[in-house]
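> Sequence plus the predicted model coming up.
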Amino acid sequence: MQSKKASKKKFQISKFTVYIVLVVVFIFFSIVLRDKGFMSSSNLLNVLRQTAMVSVMAVGGVFVLGAGQIDLTVGSNAAMSAMLASLTLQATNSIILALIVGIAFGIGVGAVNGLLVTKLKLPSFLATLGMMQVVRGAAMWITNTAAVPITNMRFNKIFGTGYIGPVSVLIIWTIVFYVVAFIVFNKTPFGRYTLATGGNEQAAGYSGIKVNKIKMLIFMISGALSAFAGIMYAGRMQSGRYSFGDGDEMSVIAAVVLGGAAMSGGTGSIIGAFAGSLLMGIISNALVLAGLSSAQQKLINGAIIIFAVALSNIVQKKKTN
Amino acid sequence: MLRNYVFMSQAHSIEMGEGMSQTVLKMEGINKSFGDAKVLKNVHFDLEYGEVHALVGGNGAGKSTLMKIMTGVYILDSGKIYVNGEETVISKPLDAKNKGIGMIFQELSLVQTLTVQENIFLGNEIVKNGFRDIAAMNKKTKEVLDKLGIEVDPDTVVSELSVGMSQMVEIAKAVSKDAKILVFDEPTAALSDSETERLFEMIQQLKKEGVSMVYISHRMNEILRIADRITILKDGEHVVTEEIKNMTLDKIVSYMMGGSSGGGHKFEWVERDYDENAPDVLTVEHLKINDKISDISFSLKPKEILGFAGLMGSGRTEIMETLFGLRQKQGGKVYLEGKEIEVKNTKQAVKEGFALIPEDRRKEGLVLMHSIAENGVLPILDRLTKHKVFLDQKRANQLVEENMKQLNIKAEGIHQEISLLSGGNQQKVVIAKWINSNPKVMMLDEPTAGVDIGAKGEIISIIREYADQGHGVLFVSSELAEMMAICDRIITIYDGKITGEISRRDLKTEEELQNAIQKSE
């Protein structure tokens, strides 16, 4: 009886780990960096703005990891979608068309990932590793690595540079996606099907759930959100560049795992992923303010990813014991 | 855990003359408990040089536990093991291996991606100057294979072999390590007839080589054919050890049941009231699943509990899986309430009104890391929505709360993680989840396996109640006492064919049913 209670408690602690770490890290930096303007509202909004793209991709990441899969294409998908959106703008100057082309491409990449996993039975790691290269290569190839400037200022304002009051549109978009995803993930059968598929694919199948359909859908959701993140990158930088989102796949995984998802699937939290991506944003921001070189920043970011996965494993081990 | 036992006899080195039977292995006073459950009570077992010794008993009799103690998978609580007359402590699989004891597993333990030769020498490679001596290993592999009459190229990758051939290779692997004692656990369950014949030839060959074998099987015909002696266990106790020539099928069955009919059965059969002339809820005509399992025809009335009795691998599970859309039928027709249906996948099966409580609740029945509430409504989430979109969490929770009360599921609350529940309570959650889907036909495959006796009784009443509400129930269990308790009618299956049908009313004893199952025609 006692051991049962103990493990239950630990499980709940694990759920809140990310929030506790977030608060502790926040307090730590606000003391250490109080002279460097860490606590200023403009800096804090800046953190939110900088993490917006990874945050949006992490929404898809919750579905993907929840279903026991992994998606490494998110970063390159964002880049290619941004390229396609900017080229569409260049050609037609139509914001709607640019949006449609960019997001349709993102969903297409997700669908290919899904087909590779469900039909050809590739492990998602390998399928998306390959697709990551294919898509990044395409993004470089399409303009021969040249950037595509966006002159449509309305597009830039709506998706990147604009503000509503003091709040960047990037933050608004992020909030919109998190609210919608929270509802879909927690309040619809689809959210449950996703976790059941990741928790025990066989049992989910025996319960009348079409697990392949679920896998297709989560990859397509991840693809759509990556594409939108790419459009946010494009708006913010007022151009399309092949290098957008380089390495974001790792940040996304780290954020989602920090947010309480297990690499093995079956768990995950939308709010947790937001906290996870925020945590990483705060840390990079603080490292910059502290005057660390980009080499040092990279090093510490890597350490955070290890910390995130180790934490998830330790908590899981305790749970199963 | 390990208690000290005062052991009085001094059974050191038993000197035996040439040609006389010689005991190679002896187990005495073996006790083993898991938690509060005593699974072996003072059991003894011995094995002579070059004999095939059958080990027989119902589910939970303790056969597997005894063999796992012998092969070092489990550690005994008390008792002694002698190998060649010498007292031996076997506390891990390596100890058993070093003593020449090998086990042929039901799930084969070969590495699928390696070749036959690599598997045979895995962990035991011949090394020359720090490198694997492939030529020497190939030569030795050939020798072993030739000796056993196995025709396979040592360079074949194991995944390319048939199940039967894999098993032969597994045996060769054990023999190559100079195993003097081999344990076979249901070796023919996955074999075709001709493969079974080949296995028997090999067993004869091994006998000549002086290998002693323990043969676990539910198939009495095989045992009567190839065993020299038989030991029967029941409920963790030794019942009898006898020369096979003094045994008959009836005798074995009667020993398995505990000497007399009806002894020790906790569940009483109650004649249930249902209309035998009502229209069928389910009609199956000439269902063909594969080349082995075919021409399956039966019907099910509302309120009726119909049992499928047969040995492991007889096809009982496959029939249910096919009705549930997990397998595609190759022929035949299925009617639900008189309407012909084609079930393509499980989702459709659930929609049509089927439910399957699968054999392996941990793998197939539950998402262990999720809560009771989440598991309890998984199949019916799409029916528990507001405006067809949002989950009605309140209604879902209420439903599971009710389930917990009605089915007497013991847990801290609906949000407790499933993995923390006992087997019986886990199984009740699986049943709850399917009762919630309100199926017309509920199929249960070994619903009480690994469940304690109290929960077993409860599960049986839950099933009866569900049938009483006007639903059809298909029931499969290896525990005949249970089938006797719950079924109104029993269909016997042997090797994929229906061999008979018995009304429960006409069935006097468990022996009759056991005999019916063993008959191939």
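The structure has been received and is ready for your questions.
> which ones are touching residue A:195?
The contact partners of residue A:195, taken as Cβ atoms under 8 Å, 6 or more residues apart in numbering or on different chains, are A:66-67, A:265-268, B:367, B:370, B:374. Every C-beta, even on glycine, is put in place using the N, C-alpha and C of the backbone.
> Now with 6 Å, please.
Each residue near residue A:195 by Cβ atoms under 6 Å, 6 or more residues apart in numbering or on different chains is listed here: A:66, A:266.
> what about it, helix or strand, and which?
Using DSSP states H and E, residue A:195 falls within helix A:189-199.
> now swap in residue B:87 and tell me
According to DSSP H and E, residue B:87 maps onto strand B:86-88.
> Can you give me the distance of residue B:318 to residue B:345?
Separation of residue B:318 from residue B:345 (Cβ to Cβ, to the nearest Å) stands at 16 Å.
> Which one's more surrounded, these two?
Between residue B:318 and residue B:345, counted using other Cβ atoms under 10 Å in any protein chain shown, residue B:318 has the larger neighbour count: 20 against 17.
> returning to what we had before: state the mean pLDDT of whatever helix or strand comes next after the strand holding residue B:87.
The helix or strand immediately downstream of strand B:86-88 is helix B:93-98, counting by DSSP H and E. Per-residue pLDDT over helix B:93-98 has a mean of 88.
> which regions of the stretch 201-321 of chain A sit below the pLDDT cut-off?
Within the stretch 201-321 of chain A, the segments meeting pLDDT under 70 span A:308-309, A:312-313, A:315-321.
> please redo it, this time with the cut-off set to 50
Scanning the stretch 201-321 of chain A for pLDDT under 50 picks out A:321.
> For the residue in it that chain B sits nearest to, which three-state class applies?
Nearest residue of the stretch 201-321 of chain A to chain B: residue A:208, at 3.6 Å (Cβ to the nearest Cβ). The three-state assignment at residue A:208 reads coil, by DSSP: H, G, I helix; E, B strand; the rest coil.
> Make sure residue A:97 is actually in contact with residue A:89.
No - counting by Cβ atoms under 6 Å, residue A:97 does not reach residue A:89; the two are 8.2 Å apart.
> returning to what we had before: mind exporting the helix holding residue A:195 as CSV, just the C-alpha atoms?
Written as CSV, here are the backbone C-alpha positions of helix A:189-199 (Å, rounded to 0.1, in the frame of the first residue of the first chain):
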residue,chain,number,x,y,z
PRO,A,189,-11.6,12.0,-28.3
PHE,A,190,-8.7,12.5,-30.7
GLY,A,191,-6.4,13.7,-27.9
ARG,A,192,-7.2,10.4,-26.1
TYR,A,193,-6.7,8.3,-29.1
THR,A,194,-3.3,9.9,-29.6
LEU,A,195,-2.1,9.1,-26.1
ALA,A,196,-3.6,5.6,-26.2
THR,A,197,-1.8,4.9,-29.5
GLY,A,198,1.5,6.0,-27.9
GLY,A,199,0.8,4.3,-24.5
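> Quick check: buried residues in it?
Residues of helix A:189-199 classed as buried: A:189-199 (neighbour count, 16 or more other Cβ atoms under 10 Å in any protein chain shown).
> how far does that helix sit from the chain's center?
Centroid displacement of helix A:189-199 relative to its chain, using Cα atoms, centre = their mean, to the nearest Å, is 19 Å.
> With stretch B:479-493 instead?
Mean C-alpha position of stretch B:479-493 versus that of the full chain (Cα atoms, centre = their mean) differs by 17 Å.
> shaky segments in chain B?
Within chain B, the stretches with pLDDT under 50 are B:1-19, B:260-266.
> Could you show which parts of it are in contact with chain A?
B:346-347, B:350, B:358, B:363-367, B:369-370, B:378-379, B:381-382, B:390-391, B:420 (Cβ under 6 Å from any Cβ of the partner chain).
> Got a quick PyMOL command for the buried subset of those?
Here is the PyMOL command that selects the buried residues among these (16+ other Cβ under 10 Å):
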select buried, chain B and resi 346+347+350+358+364+365+366+367+369+370+378+379+381+382+391+420
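> Sort out for me which of the residues of chain B next to chain A are in helices.
Secondary structure from DSSP state H places B:346-347, B:350 of the residues of chain B next to chain A in helices.
> Nearest to residue A:115 among these?
The shortest approach to residue A:115 among those belongs to residue B:347, at 19.8 Å (Cβ to Cβ).
> Could you check which residue of the stretch 401-521 of chain B lies nearest chain A?
Taking Cβ to the nearest Cβ, chain A has its nearest neighbour within the stretch 401-521 of chain B at residue B:420, 5.3 Å off.
> so how far is chain A from the nearest residue to residue B:200 once chain neighbours are set aside?
Nearest residue to residue B:200, sequence neighbours excluded (Cβ to Cβ, 6 or more residues apart in numbering or on different chains): residue B:226, at 5.6 Å. Note on residue B:226: its distance to chain A, by Cβ to the nearest Cβ, to the nearest Å, is 36 Å.
> contacting residues around residue B:226?
Residue B:226 is in contact with B:52, B:200, B:203, counting by Cβ under 6 Å, 6+ apart.
> neighbours around the residue lying closest to residue A:215 once chain neighbours are set aside, how many?
Distances taken as Cβ to Cβ, 6+ apart place residue A:118 nearest to residue A:215, at 5.3 Å, with adjacent residues excluded. Residue A:118 has 18 neighbouring residues, counting by other Cβ under 10 Å.
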